[in-house]
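Novice: A structural model of the following input is requested.
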Amino acid sequence: MLQSQNRATTAKAAAASKTDPKIIDPKLLQAKPQPDYKVDISKPASSSLPSLPGVPTPPVPSAELPKLPESKPDKPELKKPDIKKPSEIKLPAKEGSVKEPAIIFIKGLDVFSSPSTSERGYAGVGKIADSVEGSKTFEWNQQDEIIEEIRSVHRDQPIILVGHSFGGDTALEVAEELDSLEHGFRKVDLLVMIDAVGADNDIVPQNVKNHLNVFGESNFLLNDGPHVARRNEMTKVKNILSPHDHTELDDDKEIQFEVVNLIKETLSKKA
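Specialist: I've put the predicted structure just below:
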């Protein structure tokens, strides 16, 4: 009976040792050798692979390689607009704003010029204009521009018109246009006509104060003869008959002196 009890006690102890974690098998407590995992990293590990031979680098030539042209997109070149400075912009003068006399020379048509007897045809008109300070020169077909020039001049300033050949006809037409209600019957202080071509320029309008008419005696087809005033009390007329040719009249020193002297007298009287 005691033996059966001892066997039962031993069996319970064995079962308890398997199920109770607090009871450790003495065999498991025996020390076992632990593997050594330490690695010496002071020396690189020898590689078992064979070393490959180095690849030789090709020599680079010392000369510079040519540069490739830069590719640019095809775009139209835009030009900058030509913007003028305020000082370069010339605005038309207001009517009556110019406080200077209008001294206007008008050239004729060069078809009547004779280079063999006259220096560059109607060059004398330009020479007279160059000798008079403040004068301006126009062509015979610039009547509108001449009117605009006169409109910009103050009414107190003198108006002087000098024309040769067709320029003389234009000078008279300008004077007649100014003698109108539209222009306030603008006065012309001096009108000089040198061998005017027209056949209906004999009468000088009433708004002209002083008139000089020079015509040649050799070419009656290129002049209209002596002139008369529409109103003698308003206009002083002087006719000069010259022996010179049509294209030589503006080059004659005596005629040049007469024209320049009349211009000076007109300006001095107005001043």
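Novice: just so I have it, where are all the strands in the stretch 51-200 of the chain?
Specialist: For the stretch 51-200 of the chain, applying DSSP state E, counting those that start in this stretch gives strands covering 102-106, 135-138, 159-164, 188-194.
Novice: which stretch among those strands comes nearest residue 123?
Specialist: Taking Cβ to Cβ, strand 159-164 is the member of the strands of the stretch 51-200 of the chain nearest to residue 123, at 10.4 Å. Every residue, glycine included, has its C-beta placed from N, CA and C.
Novice: In JSON lines: the strands of the stretch 51-200 of the chain, plus mean pLDDT.
Specialist: Shown next, in JSON lines, are the strands of the stretch 51-200 of the chain (pLDDT from 0 to 100):
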{"stretch": "strand 102-106", "mean pLDDT": "97"}
{"stretch": "strand 135-138", "mean pLDDT": "96"}
{"stretch": "strand 159-164", "mean pLDDT": "97"}
{"stretch": "strand 188-194", "mean pLDDT": "97"}
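Novice: So for residue 179, which of these sits nearest?
Specialist: Among those, strand 188-194 sits nearest to residue 179 (Cβ to Cβ), with 8.1 Å.
Novice: Need the CA coordinates for the closest one. PDB is fine.
Specialist: Only the C-alpha atoms of strand 188-194 are listed here, as PDB (Å, rounded to 0.1, in the frame of the first residue of the first chain):
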ATOM      1  CA  VAL A 188       0.700 142.300 -98.000                       C
ATOM      2  CA  ASP A 189       3.400 144.800 -97.200                       C
ATOM      3  CA  LEU A 190       5.600 144.000-100.300                       C
ATOM      4  CA  LEU A 191       4.900 142.000-103.500                       C
ATOM      5  CA  VAL A 192       7.800 141.500-105.900                       C
ATOM      6  CA  MET A 193       7.100 139.700-109.200                       C
ATOM      7  CA  ILE A 194      10.100 139.000-111.500                       C
END
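Novice: Report all helices and strands that that strand contacts.
Specialist: With contacts taken as 3 or more Cβ pairs under 8 Å, 6 or more residues apart in numbering; DSSP states H and E, strand 188-194 sits against strand 159-164, helix 166-178, strand 208-216, helix 253-270.
Novice: and among the ones you listed, the most buried is which?
Specialist: strand 159-164 (a mean of 28; mean count of other Cβ atoms under 10 Å).
Novice: quick one: low-confidence parts of the stretch 151-271 of the chain?
Specialist: 219-223 (pLDDT under 70).
Novice: 80 instead, please
Specialist: 199, 218-224, 270-271 (pLDDT under 80).
Novice: Just give the nearest non-adjacent residue to residue 166, would you?
Specialist: Nearest residue to residue 166, sequence neighbours excluded (Cβ to Cβ, 6 or more residues apart in numbering): residue 140, at 4.0 Å.
Novice: how much space between the one you found and residue 164?
Specialist: 9 Å (Cβ to Cβ, to the nearest Å).
Novice: do the same with residue 106
Specialist: Counting by Cβ to Cβ - residue 106 and residue 164 are separated by 7 Å.
Novice: how many other residues sit next to residue 144?
Specialist: 10 (other Cβ atoms under 10 Å).
Novice: was I right about residue 131 contacting residue 260?
Specialist: Yes. In terms of Cβ atoms under 8 Å, residue 131 counts as a neighbour of residue 260; the distance is 6.3 Å.
Novice: can you list residues touching both of residue 106 and residue 164?
Specialist: residue 125 (Cβ atoms under 8 Å, 6 or more residues apart in numbering).
Novice: So what pairs up with the residue nearest to residue 171 when sequence neighbours are not counted in the strands?
Specialist: In this structure, residue 171 finds its nearest non-sequential neighbour in residue 163, 3.5 Å apart by Cβ to Cβ, 6+ apart. With DSSP bridges as the criterion, residue 163 is bridged to residue 106, residue 193.
Novice: dump the residue contacts of residue 163.
Specialist: Here residue 163 is in contact with 105-108, 140, 169-172, 192-194, 196 (Cβ under 8 Å, 6+ apart).
Novice: Quick one: the residues you listed as JSON lines, columns for distance to residue 251 too.
Specialist: Formatted as JSON lines, the contacts of residue 163 follow (distance: Cβ to Cβ, whole Å):
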{"residue": "105", "distance to residue 251": "14"}
{"residue": "106", "distance to residue 251": "17"}
{"residue": "107", "distance to residue 251": "13"}
{"residue": "108", "distance to residue 251": "13"}
{"residue": "140", "distance to residue 251": "18"}
{"residue": "169", "distance to residue 251": "20"}
{"residue": "170", "distance to residue 251": "20"}
{"residue": "171", "distance to residue 251": "19"}
{"residue": "172", "distance to residue 251": "22"}
{"residue": "192", "distance to residue 251": "15"}
{"residue": "193", "distance to residue 251": "17"}
{"residue": "194", "distance to residue 251": "11"}
{"residue": "196", "distance to residue 251": "17"}
